[in-house]
Each structure stands twice: as structure tokens, then as C-alpha cells.
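could you work out the structure for the sequence below:
(one chain, ligands or ions: 1)
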Amino acid sequence: MAVPIVYHPDYSFPFPDKHRFPMEKFGLLADHMRALGLLTPRNGFRPGPCRQAWLTQTHCPDYLARFAANRLSATETRQMNLPWSEGLVRRTFLAPSGTVLTAQLALQHGIACHLAGGTHHAHFDYAAGFCILNDLAITAKVLLKQPGIKRVLIFDVDVHQGDGTAALLANEPGAFTCSVHCERNFPFEKQVSDLDVALPDGMVDEDYLAVVHDTLNKALMLAKPDIVLYDAGVDVFEGDPLGRLNISETGIRERDYQVLSELRRRGIPVATVIGGGYDDDRMALARRHGIVVEQASRVFQ
Ligand SMILES: [Zn+2]
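Sure, this is the predicted structure:
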């Protein structure tokens, strides 16, 4: 079977065009996957809204209710950095469920890809940096309640530190958080992951690929995971306005190939999420986010 792909048409919804957050990228990515023949009715899966119990075992119930009802304070909304709307609420409560579904499919098939997810700056009771709910922490906690899943590794190579994930899972012994990120970048107050690797500004492909390789091996050795959640953020790209690293698209391609091949070789199931990526050329951005799905198909066919 082709690599299972999780997507929902409500992930993108009418949104201010010029906003720094490219909300239309999810729909464009799905279109691009269809055009490549990677997403068809046979391997496409749609999540339902996230179960309340999944949300409240990771996030503060009062925060969830206030966000849903548009009752966040002005300061909280500024920190979230997204304009509130019904469409935003709908997509926010769908996407974590999509990451859970992707992980379940990965357990069955060895690999599955989510065309969203990786909202790693969301904390227990506040949103930050475009992230409202932390799909990675939510999914890790759901997985760890399942029989047979004792250890989950979150391998996060988005250019920004997975601070929310680190904080939310700090007291979860079954979850191992690993973040490879640019040191002098958002969030400026870092949290402590189980394994953090901070990179200097301007790093280039060769050095970066060696660090990702070594860090993955170290994380696998320490975590001994039953499943990996892979946040394949593309904001490491040299042209990304929020990046500060100098990684080419070829470098991103090699990174994803390297990570997925290693996990396949070891027989560890992997669920991918797209993570961050910013570009005024929204089509180029959608194609960049598609790289991880292309490499998943290449490695797992
Ligand atoms: Zn990012």
C-alpha cells in the first residue's frame, strides 16, 4: 500500500492573505500531493474532531473553553499571533486528532504522514508562536496509554525549539523529547528537552546533516522508542524569513531521507508532521513541505 496520508479540507480556511502565517499551505500541500499521485482516495484519511479526554489530559480545560469561545485576553491573542475565527477553532480541534490518527496508521503500516501538525510552541494553558494546541504532546500521551507502547520519541528538527512539547512532557517518563534548533531564534527563553541540540546561525547542509544524523542515533539509543513522531519543519530552509540557517532544498531532502531510512532500517514506526515553514511564495512552500512525504514514499515503497 502507498504511504497513508492524513489530511482534512478544513485545515486551511479563509484567512488574511498577507499574514505571516501561511494558513493556505495545508490545502496547497494536499493539492500538490494529489498532483504527484502520492495522495489518492485509497491512501487518504480524514480525522474527526479531537476527543475531549485527549485534549484535557494535556491542556488546561479552562484555556480550551476560553479559546473556543473567543474569550482569550488581548495579551494571550497577541502571543498566539493568529486572528480568532470559527474556522480557526475548527482547524485547531481537528489537527491534533490528525496527528493521533497518523500515529495509529504508522503503528499499522510502519509509516504515515500528516499534512499538518508540529504545533510545538503550544503550552499547557497558553498559545505561542502560531501554536494553540500541542499535537505532539497530545499524541504522545494518547499513545502511552495504549497497550504495547512504552516509549515515544519526538524527534523535532523544526528550526525553532520544541519548547511547549518539552514542558508538557517533562514529567512523562515514557516520552523522550529531542529538539534540533537554531540557538538564536524564537523561543528566546528555551525549555529543557530530554535532548537539545542548539545550532549556530547560518549553518550549511553538510554540517547540519551530520548533526541530525548523530542526534538521531543518540536519541534512539537513549529513548529506545516503540514509535517516533518526526517533526520535519522546513523553516531550516535558507530562504525562510523566520529561519536563520542556510539549508538548501537538497539538504532538506537528504535530511528526511536519512532520518526515515534509519527508522525503517531499525523497524521503528514513524509518523511525520510538517512543522514550520514560511514563504511568501505559498506554492514553493507547499512543495517544500511535500519533501517529507516524497521521501517517505521513496523509503517505504
Ligand atoms: Zn518553526
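
quick one, longest helix in this structure?
Counting by DSSP state H, the longest helix found in the chain is helix 86-109.

for it, packing partners?
strand 5-6, helix 52-56, helix 61-68, strand 111-114, helix 135-144, strand 227-231, strand 270-273 (3 or more C-beta pairs under 8 Å, 6 or more residues apart in numbering; DSSP states H and E). No exception for glycine: its C-beta is placed from N, CA and C like everyone else's.

figure out which of these is closest to the ion.
Among the helices and strands packed on helix 86-109, strand 227-231 comes nearest to the ion, with 8.8 Å by C-beta to the ion.

just to revisit the earlier point, now do the longest helix of the chain, average pLDDT.
For helix 86-109, mean pLDDT rounds to 98.

one more: stretch 261-281?
Stretch 261-281 comes out at a mean pLDDT of 97.

rewinding a little: can you redo the helices and strands packed on helix 86-109 as a markdown table with mean neighbour count?
Below are the helices and strands packed on helix 86-109 laid out as a markdown table (neighbours: other C-beta atoms under 10 Å):
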| stretch | mean neighbour count |
| --- | --- |
| strand 5-6 | 28 |
| helix 52-56 | 14 |
| helix 61-68 | 16 |
| strand 111-114 | 29 |
| helix 135-144 | 26 |
| strand 227-231 | 27 |
| strand 270-273 | 29 |
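
turn these into TSV, including distance to residue 214.
Shown next, in TSV, are these (distance: least, C-beta to C-beta, whole Å):
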stretch	distance to residue 214
strand 5-6	30
helix 52-56	34
helix 61-68	37
strand 111-114	23
helix 135-144	22
strand 227-231	16
strand 270-273	18
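
quick one, what contacts the closest residue to residue 240 other than its chain neighbours?
Spatial nearest neighbour of residue 240, excluding adjacent residues (C-beta to C-beta, 6 or more residues apart in numbering): residue 278 at 5.6 Å. With contact taken as C-beta atoms under 8 Å, 6 or more residues apart in numbering, residue 278 is in contact with 20, 21, 22, 235, 240, 241, 242, 243, 285.

of those residues, which ones also sit close to the ion?
Contacts with the ion within those, as defined by C-beta under 5 Å from the ion: residue 235.

for the contacts of residue 278, work out which two are farthest apart.
21 and 243 (15.0 Å; C-beta to C-beta).

who has more neighbours out of those two?
A direct count of neighbours by other C-beta atoms under 10 Å for residue 21 and residue 243 places residue 243 higher, at 22 against 15.

SS state for that one?
What DSSP: H, G, I helix; E, B strand; the rest coil gives for residue 243 is coil.

isn't it right next to residue 159, touching?
Yes: with contact defined as C-beta atoms under 8 Å, residue 243 reaches residue 159; the gap is 5.1 Å.
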